[in-house]
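A.B. asks: let's see this in three dimensions:
(one chain, ligands or ions: 1)
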Amino acid sequence: MTNDTSGDVRLSGIAKTYGSFTAVHPLDLTVPQGSFFALLGASGCGKTTTLRMIAGLEEPSAGTVHLGEQNVTALPPYKRPVNTVFQSYALFPHLDIFENVAFGLRRRGIKSVKKQVEDMLELVQLGEQARKKPHQLSGGQQQRVAVARALINHPKVLLLDEPLGALDLKLRRQMQLELKRIQTEVGITFVHVTHDQEEAMTMADTVAVMNAGRVEQLGSPTDLYENPRTTFVANFLGTSNFIEAEVDSKSGDDIVLKAGGGKLVLPEERCSAPTTTGGKVLVGVRPEKISLIPAEDAGEIPEGRNRITGRIADSSFIGVSTQYVIDSPVCPEFEVYAQNIDRDTRLVPGAEVVLHWNPAHTFGLDASQDID
Ligand code: ATP
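C.D. replies: Below you'll find the model as predicted:
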């Protein structure tokens, strides 16, 4: 990171209401210059409204927007050092690719545009396509033209509103990497809106998970995945098992919990619930962190692992792994994905098994939340 703050986006108490409906609750958020930031959430959670308030396309009901040191809250979109790429690329169909990209420069009265446009087309790897019309390009190429067109005026911040939503899955994956490459190359702040968790995780340095007009959690993709603080975040970014447990005692930096007659260990730093003795904690563990072993082999499990017993209710082969559904006294329908390279023929429905995992992969949540 540099000391340049001209591309910082700072939202202070920004909110949006429509009549009595609150689309975005007062929100404080700082996006540092040069980062790739994603606003992630389900349809209707307020992410587009937040983006539009940064762009100046939506007037906030309260709060301020700063871009760098400048308070831009009252500025119209065209006076802000930002540009937006939308899902519908809205290229000019009668202009060729070169002229589409040159448009912003020509509108500002700049005469010699050739070098800048060519550089920009190189950046998005469309140097060969300059004289084609938009309809002669693929969806992914058209989207790259839209990005080039948005970047040609050197905005401090590029806003992207579901830019890959219209592309098929394969192309979307290619474009995710492509956008990430472009962002690294130009080094400006990207704020990207998406409902696709994989997309946010692939591209962004920092992700804000939004739910019902609020940021539920902010962090790096790894942090959000490994250490979710709410069931919503745990479920939105993948699958999780939840076990209802009770705080029994503390042991060094760990909390010892009682669950279904057994004990589980949870590093205290990974617990966002109160840890007073007798308090309830929802223990979470990602399915792929769990190993599965026939009960008769339980003696082979190394010391220090969390373990629970159960019975295989169902199993399905899903390509790289086998997904097991386990009935356990501590957690009905415990889901386990096991990397089953040496397939153990004893892991069949009805088999008694032990599930075990490293306590470091356990997270503890406030137990008053809904699991779903
Ligand atoms: P999507 O991915 O579907 O676009 P989103 O998370 O971007 O969803 P927003 O578009 O920000 O959600 O909308 C947030 C909420 O505000 C929604 O419930 C939406 O219906 C509501 N909303 C948005 N614009 C208006 C408006 N002009 N008038 C009334 N309600 C609105």
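
A.B. asks: most remote residue from this protein's center?
C.D. replies: In terms of distance from the mean C-alpha position of the chain, K111 ranks first, at 41.4 Å (C-alpha atoms, centre = their mean).

A.B. asks: next up, the contacts around that one.
C.D. replies: Listed by C-beta atoms under 8 Å, 6 or more residues apart in numbering, the contact set of K111 is empty. For the C-beta atoms, the positions are set from N, CA and C on the backbone; glycine is no exception.

A.B. asks: on the three-state scheme, it is what?
C.D. replies: Using DSSP: H, G, I helix; E, B strand; the rest coil, the secondary structure recorded for K111 is coil.

A.B. asks: the chain should start at 344 in everything you say after this.
C.D. replies: In the new count, where the first residue is 344, that last one comes out as K454.

A.B. asks: quick one, strands of the stretch 394-543 of the chain?
C.D. replies: 405-410, 413-414, 425-428, 500-504, 532-537 (DSSP state E, counting those that start in this stretch).

A.B. asks: mean pLDDT added to the ones you listed, as CSV?
C.D. replies: Listed next are the strands of the stretch 394-543 of the chain as CSV, based on pLDDT from 0 to 100:
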stretch, mean pLDDT
strand 405-410, 97
strand 413-414, 95
strand 425-428, 93
strand 500-504, 95
strand 532-537, 96
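
A.B. asks: quick one: closest of those strands to the ligand.
C.D. replies: Closest to the ligand of those is strand 532-537 (C-beta to the nearest ligand atom; 6.3 Å).

A.B. asks: how about the least confident helix or strand in the chain by mean pLDDT: buried residues?
C.D. replies: Every helix and strand in the chain was compared by mean pLDDT, DSSP states H and E; the lowest is strand 674-681, with a mean of 74. Going by neighbour count (16 or more other C-beta atoms under 10 Å), the buried part of strand 674-681 is 674, 677-681.

A.B. asks: do the same with stretch 430-450
C.D. replies: 430, 432, 434, 439-448.

A.B. asks: what parts of this protein come near the ligand?
C.D. replies: Contact residues, the chain versus the ligand (C-beta under 6 Å from any ligand atom): 361, 364, 366, 384, 386-392, 538.

A.B. asks: please repeat the previous calculation with a cut-off of 8 Å.
C.D. replies: Listed as neighbours of the ligand in the chain under the rule C-beta under 8 Å from any ligand atom: 359, 361-362, 364, 366-367, 384-395, 401, 504-505, 536, 538, 553, 556.

A.B. asks: pull out the buried residues from those.
C.D. replies: Using 16+ other C-beta under 10 Å as the burial test, the residues of the chain next to the ligand include 359, 366-367, 384, 388-395, 401, 504-505, 536, 538, 553, 556 as buried.

A.B. asks: quick one on the thing from earlier: narrow the residues of the chain next to the ligand to those in strands?
C.D. replies: 359, 361, 364, 366-367, 504, 536, 553 (DSSP state E).

A.B. asks: can you tell me which two in the residues you listed are farthest apart?
C.D. replies: Largest separation among these by C-beta to C-beta: F364 and D504, giving 20.7 Å.

A.B. asks: list the residues that contact the residue in the stretch 594-715 of the chain positioned nearest to the ligand.
C.D. replies: Nearest residue of the stretch 594-715 of the chain to the ligand: D715, at 19.9 Å (C-beta to the nearest ligand atom). Neighbouring residues of D715 by C-beta under 8 Å, 6+ apart: 574, 578.

A.B. asks: what's the pLDDT at the residue farthest from the centre of the chain?
C.D. replies: For K454, the model assigns a pLDDT of 85.

A.B. asks: what does L708 give?
C.D. replies: L708 is given a pLDDT of 95.

A.B. asks: who does it bridge with?
C.D. replies: On the basis of DSSP bridges, L708 is bridged to L625.

A.B. asks: surely it is in contact with V576?
C.D. replies: No - counting by C-beta atoms under 8 Å, L708 stays clear of V576, with 9.3 Å between them.

A.B. asks: about what we covered before: TSV for the buried residues of strand 674-681, including distance to D596?
C.D. replies: Below are the buried residues of strand 674-681 laid out as TSV (distance: C-beta to C-beta, whole Å):
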residue	distance to D596
C674	25
F677	26
E678	28
V679	27
Y680	28
A681	29
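
A.B. asks: can you pull the buried residues of stretch 404-416?
C.D. replies: Buried residues in stretch 404-416, counting neighbours by 16+ other C-beta under 10 Å, are found at 406, 408-411, 415-416.

A.B. asks: quote the end-to-end distance of it.
C.D. replies: End-to-end span of stretch 404-416 (C-alpha to C-alpha, to the nearest Å): 11 Å.

A.B. asks: which SS class is A616?
C.D. replies: For A616, the assignment made with three-state DSSP gives coil.

A.B. asks: for it, which residues are in contact?
C.D. replies: The contact partners of A616, taken as C-beta under 8 Å, 6+ apart, are 622-625, 707-710.

A.B. asks: so can I have CSV of those residues showing neighbour count and distance to R648?
C.D. replies: Output for the contacts of A616, formatted as CSV (neighbours: other C-beta atoms under 10 Å; distance: C-beta to C-beta, whole Å):
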residue, neighbour count, distance to R648
G622, 15, 24
K623, 14, 23
V624, 26, 19
L625, 23, 20
G707, 25, 17
L708, 23, 21
D709, 16, 25
A710, 18, 23
